[in-house]
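> mind folding the following:
(chains A and B)
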2 protein chains.
Amino acid sequence: MKTDSTMTAKLLLELQQTWHQTIPVSQFMQVTPVHFDGDQFSCTAPLAPNINLHQTMFAGSIYTLMTLTGWGMLWLQQRVHGVEGNIVLADAHIRYTAPITQAPQVSVTWPESTSLDALKTGGKVKVTLEVQLHCAGKLCATFTGLYVSY
Amino acid sequence: MKTDSTMTAKLLLELQQTWHQTIPVSQFMQVTPVHFDGDQFSCTAPLAPNINLHQTMFAGSIYTLMTLTGWGMLWLQQRVHGVEGNIVLADAHIRYTAPITQAPQVSVTWPESTSLDALKTGGKVKVTLEVQLHCAGKLCATFTGLYVSY
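Next up, the predicted model:
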């Protein structure tokens, strides 16, 4: 579903506030929603609060940023489709393929076939999201998460 | 390899300082090494800086705490065996099975058959570590990480 830009800007601001106000780690990491067009969603975070002892991005921060990007996509889809649900992560796999030396671009595409209708009748939605992290044009990490909303 | 308690206390303090001084997120989360006996290692973190919007422990914090516990185990083993290596996480899988409502106990056991000898001759060590998180006597998350040291 396509969204208009005013609605999108408002949603991204609300998402960022939700994260920063309720998840202290996301505020410390400065996790920032960047773009949402209804099908794709992307986030970033600066390197400084997220470094490790190799002066590259910390594995835990990478995972958290990717997890929140997936979570945010489901949250945005629920908003766009006018349904509500508590979103939790049940299971995740991450693969780190290259060190991250500057602010990353993390993106996720909504699987077209996913229906949120079950949430309208008190049911549960399960969706597997594939999240990618690029840095300087290179794929540096891939994340697969199984999210449940109820 | 068994360790004496003075050596252990010193190592755990050094590990905590290494984390807090080089990984800002670990300091914010107040990740704390608790116990090491040569074969088993455990860590914890308070709930307050690590909550989510459900007032339970945030999925990203859970992962980070478990990742660092595995990383710390390999770091401790290297110290005990007098070898050096840069430790990175290559791949990880986590499964969340119950919400965490109080400070968790995270533990890992060193696989007996693992040799760190390759590090003495400029080689690489790869080790898969299984990390468990218990809260109020219940298993709430399991983590498997492939660590590489070189």
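
> and residue A:144, how far is that from chain B?
Per C-beta to the nearest C-beta, to the nearest Å, residue A:144 is found 9 Å from chain B. Quick note: C-beta positions are derived from backbone N, CA and C, even for glycine.

> report the secondary structure state of the spatially closest residue to that residue that is not a sequence neighbour.
Excluding its sequence neighbours, the residue lying closest to residue A:144 (C-beta to C-beta, 6 or more residues apart in numbering or on different chains) is residue A:93, at 4.9 Å. Classification of residue A:93 using DSSP: H, G, I helix; E, B strand; the rest coil returns strand.

> can you check residue A:13 too?
Going by three-state DSSP: residue A:13 is helix.

> now it: how far from chain B?
Distance of residue A:13 to chain B, given as C-beta to the nearest C-beta: 16 Å.

> low-confidence regions, chain A specifically.
Across chain A, the ranges flagged by pLDDT under 70 are A:1-3.

> that one: helices as residue ranges?
A:5-22, A:24-29, A:59-80 (DSSP state H).

> residues near the residue nearest to residue A:57 when sequence neighbours are not counted, how many?
Spatial nearest neighbour of residue A:57, chain neighbours left out: residue A:100 (3.7 Å); criterion: C-beta to C-beta, 6+ apart. A count of neighbours around residue A:100, defined by other C-beta atoms under 10 Å in any protein chain shown, yields 25.

> for residue A:100, phi and psi?
With angles defined as degrees, to the nearest 10, residue A:100 sits at phi -110, psi 120.

> wait, it touches residue A:65, no?
No - counting by C-beta atoms under 8 Å, residue A:100 stays clear of residue A:65, with 9.9 Å between them.

> shared neighbours of the two, anything?
Residues within reach of residue A:100 and of residue A:65 at once, by C-beta atoms under 8 Å, 6 or more residues apart in numbering or on different chains, are residue A:133.
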